[in-house]
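Engineer: Using only what follows, build the 3D model:
(one chain, ligands or ions: 1)
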Amino acid sequence: MATRVTKRKSSRRRGSRRVLNANKAAANGDDDNLEFSAAVNPEDTNNRDHKSSIPDVPAPKQTQDKLVERINALPLTEFIEHYIPQRARDFTISLPCAASNAETGGMDAETYSLDIQSSSSISKPDLEACFSLIRLTSSDAYKRSSMGWSPAKKKREMKLLDMRYLLLVRGDANGQCASAGSSLDANKPGQSEDGNNNKREIGGFLSFMVTYEDDIEVLYCYEIHLAPALQNRGLGKLMLGFFEDTGCSIGLKKGMLTVYKANEAAIRFYQRLGYEEDEYSPRPMKLRNGNVRDFDYMILSKELKETRDV
Ligand SMILES: CC(C)(COP(=O)(O)OP(=O)(O)OC[C@H]1O[C@@H](n2cnc3c(N)ncnc32)[C@H](O)[C@@H]1OP(=O)(O)O)[C@@H](O)C(=O)NCCC(=O)NCCS
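Structural biologist: Predicted coordinates for the structure are as follows:
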């Protein structure tokens, strides 16, 4: 998932300035081991990576009658109760365990369920586990991109105040595992440990935000990452389905995300699930000197239809 780059209809050039800012951050030698900050308010002027902090972009009015602000003001428990579909809250899936199959030839199963958190409520170990998944699946793509890989920038984004998380947790939502072996053992990207040495494994996650894009209220998918052993098993489709159902139940008409053009596998996945290049996705620009400036990311979107079961 490419870091979200926001722009206005009338100002496509804003995207390129923000990419340059990101490059500068990457060049500053950010460290993978940087601590996560407290949840970051997008209105905070120190948070220069969010659109509302850019001086010439008017921040959305903070009125309680506006859908985006009203939803984001809800405590997590109320948000879950009212807007996360029941099938997501009850979600549990049993999958053949790749690790134990290889070792024993047996058919051990492992169970995954869904835990829903916000950037304020998510535990530090879980957030670190999510960050490790991003680094594992996508840091190379970031490094090759015009944005570069900036752990500090990514961690700031992950802590944006209105960010919410669907965490795919091995075992039940508390991390109690049914079997000893784990498909995640191969590279342990998503393991986290709390202060009591309780291990819980994050097999994947989807982060999202109720926000504005081009002045339209949307549900924005910031990240979706699965551990390699869990890819291509239908889980990405399920998680994106939960995301879309959440958007529908809130009353949002559009689901959006940003993806690197080089991530062809992800683009095919999104297209298979009905996402198309958004009308405001930046198109190649002819510069005054005749050169063409292209972008290495694109914005995809999908019209959110009637929810199934909230
Ligand atoms: C991208 C990702 C989330 C997809 O999740 P997934 O669980 O592997 O995908 P699913 O198994 O749910 O696939 C859903 C559908 O998309 C199709 N699909 C998935 N990957 C595909 C590909 N590379 N090419 C064509 N179709 C693909 C599947 O065939 C399936 O179609 P079906 O509904 O007809 O069966 C996951 O592979 C991943 O975490 N990748 C690494 C991180 C990443 O790139 N994230 C996206 C950043 S923008």
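
Engineer: drop to CA atoms for contacts and neighbour counts, all remaining ones
Structural biologist: Will do.

Engineer: didn't S119 look like it was pressed against R164?
Structural biologist: Yes: S119 lies in contact with R164 (CA atoms under 8 Å); the separation is 6.0 Å.

Engineer: Between the two, tell me which one has more neighbours.
Structural biologist: Taking other CA atoms under 10 Å, S119 and R164 do not tie; R164 has more neighbours (26 against 21).

Engineer: Surely the more buried one touches I116?
Structural biologist: Yes: using CA under 8 Å, R164 is in contact with I116, at 7.4 Å.

Engineer: need the contact list for F36.
Structural biologist: K124, K155, R156, K159 (CA atoms under 8 Å, 6 or more residues apart in numbering).

Engineer: where's the second one, which helix or strand?
Structural biologist: Okay, so that is K155. In the assignment (DSSP states H and E), K155 maps to helix 151-158.

Engineer: elements contacting that helix?
Structural biologist: Applying 3 or more CA pairs under 8 Å, 6 or more residues apart in numbering; DSSP states H and E, we find helix 151-158 packed against no helix or strand.

Engineer: Is there any residue in it that contacts the ligand?
Structural biologist: No: using CA under 6 Å from any ligand atom, helix 151-158 stays clear of the ligand, coming no nearer than 13.5 Å.

Engineer: helix or strand right after that helix?
Structural biologist: Following helix 151-158 in sequence order, the next helix or strand is strand 164-170 (DSSP H and E).

Engineer: what's the distance between that next one and the middle of its chain?
Structural biologist: Chain-centre distance of strand 164-170: 11 Å, with CA atoms, centre = their mean, to the nearest Å.

Engineer: Does that strand reach the ligand?
Structural biologist: No: judged by CA under 6 Å from any ligand atom, strand 164-170 makes no contact with the ligand; its nearest approach is 11.6 Å.

Engineer: start at 246 instead
Structural biologist: Yep, numbering from 246; the last one is strand 409-415 now.
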